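Novice: Sharing a model prediction with you, sequence too.
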Amino acid sequence: MKTTILPFLLAIILLPIKNISAQTPTAVAPILGNGTSNDPYRIESLSNLYWLARTTSQWVTGKYFIQTADIDATETSTWFPNGDGGYYGFPTIGGGSNPVGNQLSGSFSASYDGQGFHISNLYINRAPHCVGLFGKCFGAVFKNMTLVNPTVLVGSAGATTTNGYQGTAIFAASGSATVDNVHIMGGTLTIDSWHSYFGGMFGRGMFQGTNSSVDAIINGTVTTAGPGGGFLGYSESGTGTFTNCFTTGTISGNFYLGGFVGMTGSSGNYTFNECYSKMAVTTSGFAGGFTAHIPSKGGTYNNCFATGSVTGSVAGGFYGNSTNGVSNFNRCYSTGSVTGATSGGFGGMAVTHAFLNCFWNTQTSGKATAFGTGTNANVTGRTTTQMKTLSTFTSAAWDFINETTNGSNDHWFIDATENSGYPSLRGDIREWTGSISNSWSASTNWKNGLQPNSTSIVRLNNGTVNFPAITSDITIDRFCFSAANFKVDLGNYIFTSKAILRADANHYIKTSGTGNLKMHIADQQFLTFPVGLSSYNPVSITNRTGAHDDFSVLVSDEVYTNGISGATVNEPRVQRTWYISKTAPNTGSGVNFLFNWNPGETTGAFTSPGLYHYGSNWARQAGTTSSTAQSLGYLGYTGTFSPFSIATGAALLPVTWLNFTATKHGAGVNLAWNTAAESGTSDYVVQHKTNAKEWASIGAVTATGTRNTKSDYSLLHNSPVAGNNYYRLIQRDRDGQETYSKTVSINVLETFRSFSVYPNPVVNGKLNISTRKAITIQIYNSEGALVLQRKLQQGNNVILITPSIAGTYYIRSGMETLPFIVK
């Protein structure tokens, strides 16, 4: 069945492609951003990416780009007919000094952050000169990028000149660049003309990389005249470091070919830390499972391995040919089968390199000796069983997890289900499976039981069963969403990360409790916090304070009268509150905000949105804003940090407080407050309480009404208690809504008052007045009429009260007043 159906299926799939006509791409400048570090260009479409390829003025140092969505580049296979019945496809970004076809000359020196989003099905076809997504680079920085199923063809179509020495790669062809968390998945690089210096990630140049990978089929179909590698073709003079990088797939051709690197520069000094290759290598020239040719200064290889099969003239499971010089191989191994005229299980030639506790598999390699020529006692052959046994390596001082004798860096681990049972590198990438529960702290929910730490890049992959729920404060390096429609629930814990990658409306950090997302923002840098509760409500923050700082964000699904509690406000608003904090004071030019919401998340006649901040109450911020139907930008916020909300600019949240104080005034406490603006306010009720007592209303003050100018209010509390007294205001609107002020307190000393009354209320007709000295008192009724005046001696005095005059009375002496009740 398969042999008869498959050709039919291929015909169905391939037939339409033949009928696709040439397409003319359109360059569209990004809608957002100006290319600075604090406002980078947002690349969100293939048209934006093509704009970058055609706009050489933006390739310079100091320009910044971030990708904000997946980009499907399938149509590039029909871009620009090359005259030979095919298409050039996407033009390389940075064509060097001799651009070919639709390339433009120049070098790319900017910074591009893919934010975890993919570029899929990219097609490039041109003569061998700076061929790749990025051609000639000079000091470029790339991070958090993924190319899925890219195709790069190197031929002579449309070329007026060829210069194969300039390098070719799927990603970056030549020059100098750094990659961090950049991946090529399912790539194809085919070279069908004379060419030199090619690789999956890099062709020729001075490059560095961390946490990056290449999965590709690399094939030189005709004679090539220079080295090629799965990751890097040829490393120029100088120094460079590759850490936690790997390759898988195949590489074939006719010259120096290595599973990871083709050749290191003879005057360079490169270091490879915790890198590996599983690429199968086939060539008629020098071949190595990791590197093909090592010149006099080949570099240092720490904790690396190679498992791919190797075929070449001078071949080795780890490296092929070598010249005199000293390279260092520390705790490395190889297992691939090796075929060649001069070949060994580990290397083609031993020469004068330094080896420390290295191994090769004598059975799978088919080689009884480590080298085709020469020997070294520090490279040991072991059987398959021994190569899968932990003690083989720990006895040779390899640092594994769950042992401390050989160190605490934990470079290696062994798992029967991983890497065919051979030692694996722990690396910095951690994969959440969630196969048991949603507990972040359970090792059984992580691939190979490897839980993340502060240097880990965490991936939430497709096939994940449970959402991860944070069960304690967590710090990692980066977090990347891949699984469909998944969120990370913070609960009541702090989640600290340098970046959240590939976040969107279906993948975000869920702030269901008091927990928040904490990220570090360098000065003049921009970062998006992809947070939300019931939906995705990210906020982007640009730090312009003059110093690096940590920011924390959580979102709730309403706006409350007391900022974090109380009733919901009644004004037209976005039904979201962003709780934002920062560690250091808000200095310099402050911060810029960009708040985002979704359709259906506003209420009332919502027009002309404004930003509100809660201090003692909601106050509108008078700054420069810009808005769309679903976003609000605010420039240069220099105030304090607390809750933020967004409401219509045509209305004010109930009242804008300026101040509320309590101060001693004679024997009483004077309460004073003022407001900057009021809208529909009826009055202010003053409430009082002492320790362990409920609030009691002690008076009301009529409001001035609706106004946008300052209003001053006060009320004298004549009978505070000795000790702590607490006060708050209830602002009452004409529509019945209420808003509470902050609480203020004051301590009134016992010795402060010169007289006291008891009992209060008076129930037996006798009012006892205790004085600290001889005084004169006046007693007033509730209407302010004087009913009694009398001189009292120091000590206890008794005044008889007629029960028929029940009510509230006031005793005054000098500035002191006390109320009492007669029943």
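Specialist: Perfect, thanks for sending it.
Novice: Stretch 346-356: which residues count as buried?
Specialist: Neighbour counts over stretch 346-356 (16 or more other CB atoms under 10 Å) mark 346-351, 353, 355 as buried. Placement of C-beta: from N, CA and C, glycine included.
Novice: can you tell me which of these are in strands?
Specialist: Counting by DSSP state E, the part of the buried residues of stretch 346-356 found in strands is 347-349, 355.
Novice: Name the member of these with the shortest distance to residue 226.
Specialist: Nearest to residue 226 among those is residue 348, at 18.4 Å by CB to CB.
Novice: re earlier: hmm, which two among the buried residues of stretch 346-356 are most spread apart?
Specialist: With CB to CB as the measure, no two of the buried residues of stretch 346-356 lie farther apart than 348 and 355, at 14.3 Å.
Novice: Show me how this structure divides into domains.
Specialist: Following automatic domain parsing, one gets these domains for the chain: 21-225, 234-410, 429-648, 655-750, 754-822.
Novice: For residue 423, find the nearest of those domains.
Specialist: Here domain 234-410 is closest among the domains of the chain (CB to CB), at 6.0 Å.
Novice: so how far is the closest one off the chain centroid?
Specialist: Distance of domain 234-410 from the chain centroid (CA atoms, centre = their mean, to the nearest Å) equals 36 Å.
Novice: Now do the end-to-end distance for that domain.
Specialist: 31 Å (CA to CA, to the nearest Å).
Novice: what helix or strand is the residue nearest to residue 573 when sequence neighbours are not counted on?
Specialist: The shortest distance from residue 573 to any non-neighbouring residue, by CB to CB, 6 or more residues apart in numbering, is to residue 647 (4.2 Å). For residue 647, the host element (DSSP states H and E) is strand 643-648.
Novice: Now that strand - C-alpha only, PDB.
Specialist: Taking Å, rounded to 0.1, in the frame of the first residue of the first chain, the C-alpha atoms of strand 643-648 are listed here in PDB:
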ATOM      1  CA  PRO A 643      -1.200  50.100  40.800                       C
ATOM      2  CA  PHE A 644      -2.000  51.600  37.400                       C
ATOM      3  CA  SER A 645      -5.300  51.700  35.600                       C
ATOM      4  CA  ILE A 646      -6.600  53.200  32.400                       C
ATOM      5  CA  ALA A 647      -9.900  55.200  32.300                       C
ATOM      6  CA  THR A 648     -11.500  57.600  29.900                       C
END
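Novice: Beta-bridge partners for the one residue sitting closest to the centre of the chain, please?
Specialist: Centroid check for the chain by CA atoms, centre = their mean gives residue 499 as the closest residue, at 1.6 Å. On the basis of DSSP bridges, residue 499 is bridged to residue 478.
Novice: Contacts only, for it.
Specialist: Neighbouring residues of residue 499 by CB atoms under 8 Å, 6 or more residues apart in numbering: 115, 144, 478-479, 519, 527.
Novice: Kindly recompute the last result at 10 Å.
Specialist: Neighbouring residues of residue 499 by CB atoms under 10 Å, 6 or more residues apart in numbering: 113, 115-116, 143-144, 181, 457, 477-480, 519-520, 527-528, 530.
Novice: same question, residue 702
Specialist: Taking CB under 10 Å, 6+ apart, we find residue 702 in contact with 681-684, 713.
Novice: what are the bridge partners for it, then?
Specialist: Those that pair with residue 702 in a beta bridge, by DSSP bridges, are residue 683.
Novice: Based on its surroundings, how many neighbours for the residue lying closest to residue 407 once chain neighbours are set aside?
Specialist: In this structure, residue 407 finds its nearest non-sequential neighbour in residue 399, 4.1 Å apart by CB to CB, 6+ apart. Residue 399 has 19 neighbouring residues, counting by other CB atoms under 10 Å.
Novice: Also residue 513?
Specialist: Per other CB under 10 Å, the neighbour tally for residue 513 reads 14.
Novice: What are the phi and psi values at it?
Specialist: phi -130, psi -140 (degrees, to the nearest 10).
Novice: Thought residue 489 was touching it, still the case?
Specialist: Yes: in this structure residue 513 lies within contact range of residue 489 using CB atoms under 10 Å: 8.4 Å.
Novice: what touches both of these two?
Specialist: Joint contacts of residue 513 and residue 489 (CB under 10 Å, 6+ apart) are 470, 533.
Novice: Please enumerate the helices of the chain.
Specialist: Counting by DSSP state H, the chain has helices at residues 2-18, 46-54, 362-365, 384-387, 390-394.
Novice: How many neighbouring residues does the residue nearest to residue 92 when sequence neighbours are not counted have?
Specialist: Counting by CB to CB, 6+ apart, residue 135 is the residue found nearest to residue 92 once chain neighbours are left out, at 3.8 Å. Residue 135 has 34 neighbouring residues, counting by other CB under 10 Å.
Novice: so how far is residue 152 from residue 135?
Specialist: According to CB to CB, to the nearest Å, residue 135 and residue 152 sit 11 Å apart.
Novice: Name the residues contacting each of these two.
Specialist: With contacts taken as CB under 10 Å, 6+ apart, residue 135 and residue 152 have 92, 124, 126, 168-169, 173 as neighbours in common.
Novice: on that earlier part again, list just the nearest of the contacts of residue 499 to residue 40.
Specialist: Using CB to CB, the contacts of residue 499 come closest to residue 40 at residue 113, 7.5 Å.
Novice: rewinding a little: let's see which of the contacts of residue 499 end up in strands.
Specialist: Per DSSP E, those map to strands at 113, 143-144, 181, 457, 478-480, 519-520, 527-528.
Novice: Redo these as a markdown table? Include pLDDT.
Specialist: Shown next, in a markdown table, are the ones in strands among the contacts of residue 499 (pLDDT from 0 to 100):
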| residue | pLDDT |
| --- | --- |
| 113 | 97 |
| 143 | 97 |
| 144 | 96 |
| 181 | 96 |
| 457 | 93 |
| 478 | 94 |
| 479 | 94 |
| 480 | 93 |
| 519 | 98 |
| 520 | 97 |
| 527 | 95 |
| 528 | 96 |
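Novice: most neighbours, which of these?
Specialist: Going by other CB under 10 Å, residue 479 tops the ones in strands among the contacts of residue 499 with 28 neighbours.
Novice: what's near enough to touch that residue?
Specialist: So residue 479 contacts 116, 430, 432, 452, 456-460, 468, 488, 495, 497-503, 509, 517, 530 (CB under 10 Å, 6+ apart).
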